[in-house]
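S.K.: predicted model follows, preceded by the sequence.
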Amino acid sequence: MDSGRAQIIERGVLTAPDETWDTAVRRAEVIGRIARGVGSQVGEPALTT
């Protein structure tokens, strides 16, 4: 990478059934809240939704 530019490799578009996509979105929301430090304690149920 002599030009100093990052190389982006295209790997296609993610496709998944609606139920799988909805689960992924919910999990990402939980992970986002944890990453932002929302709430001082996180229980196991929050991690498995």
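M.R.: Thanks, I have the structure now. In this text, all values refer to a predicted model and were calculated from it rather than measured experimentally.
S.K.: drop to CA atoms for contacts and neighbour counts, all remaining ones
M.R.: Fine.
S.K.: what segments of the protein are helices?
M.R.: In the chain, the helices defined using DSSP state H lie at 18-36, 44-47.
S.K.: need the contact list for Val13.
M.R.: Listed by CA atoms under 8 Å, 6 or more residues apart in numbering, Val13 has no contact partners.
S.K.: so for it, what's the pLDDT?
M.R.: Predicted confidence (pLDDT) at Val13: the value is 76.
S.K.: what does the pLDDT read for Asp2?
M.R.: According to the prediction, Asp2 has pLDDT 55.
S.K.: typed the wrong thing, it's Thr20
M.R.: In this model, Thr20 is scored at 92, pLDDT.
S.K.: sorry, back to before: Ala6: which of the helices of the chain is closest?
M.R.: Comparing the helices of the chain by their distance to Ala6 (CA to CA), the top pick is helix 18-36, with 26.1 Å.
S.K.: in the closest one, which residues are buried?
M.R.: Going by neighbour count (16 or more other CA atoms under 10 Å), the buried part of helix 18-36 is 27, 30, 34.
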